[in-house]
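In: Turn this into a structure:
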Amino acid sequence: MTQALRDRAGRWRDQAIALGWLVLIWILLWGQISWANLLGGLVAGGAVLVFFPLPPVTFAGRLRLRALTVLAFRFAVDLVGASVHVAVLAVRPGPAPRSAIMGVPLRVRTDLNLALTAEVISLVPGTLVLDVDRDEAVIYVHVLDLPGTGGRTANRDRVLTVERRIVRAVGSRAEIRTVSSDPEAPS
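Out: Residues are numbered from 1 along each chain as shown. Alright, predicted model coming up:
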């Protein structure tokens, strides 16, 4: 099988998986499984994929179960800790917390890494990704209570740590070397 044929088969597979998810979401939105909802989901999902095509996201790495488990566990710990911190800020009397917007350049410049890092950062309360510069691989993050979360350096290191965990879980060997050999990388 030639490389072009493998690429084409991979694109068709990715489109079929995306269509499957779109049909599932369509059926969940309607709240019942029926032939009409299945057919409507196929039509709506097909239209989305035809009229709003996304660029292909390449996956050069492989899933590493141990690193994926570490990523999920640390995400859960960060989620609980940040939720408690935001809850305390919400009920604490006094002035509003000082926030900041900061740009964090990532070390791995793939679209998959940018997307996954931005998603994980945005899902943790107190941080929100405002913009992503694909060309420069910079994520612009809004941080709630900058002094209470350790300042700019601690928040920058937190974003780079999330990136490192994601790359270790799903990145290629070269990407893992990139995040592991960076002299400015947080430990």
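In: For the host helix or strand of Glu175, list every residue counted as buried.
Out: Using DSSP states H and E, Glu175 maps to helix 173-181. Of all the residues in helix 173-181, those buried under the rule 16 or more other CB atoms under 10 Å are Glu175, Ile176, Thr178, Val179. No exception for glycine: its C-beta is placed from N, CA and C like everyone else's.
In: Pick the one among these closest to Pro95.
Out: Using CB to CB, Val179 comes nearest to Pro95 of these, at 37.8 Å.
In: tell me the pLDDT at that closest one?
Out: pLDDT, the model's per-residue confidence, is 92 for Val179.
In: Next up, the contacts around the residue nearest to Val48 when sequence neighbours are not counted.
Out: Once flanking residues are discounted, Val48 sits nearest to Leu22: 6.0 Å by CB to CB, 6 or more residues apart in numbering. The contact partners of Leu22, by CB atoms under 8 Å, 6 or more residues apart in numbering, come to Gly41, Ala44, Gly45, Val48, Leu49.
In: Same list, those residues, but as TSV with distance to Leu106 please.
Out: Putting these into TSV (distance: CB to CB, whole Å) gives the following:
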residue	distance to Leu106
Gly41	35
Ala44	34
Gly45	31
Val48	29
Leu49	28
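In: Make sure Arg74 is actually in contact with Ile166.
Out: No. Between Arg74 and Ile166 there is no contact under CB atoms under 8 Å: 10.7 Å.
In: Alright, that wraps it up for me.
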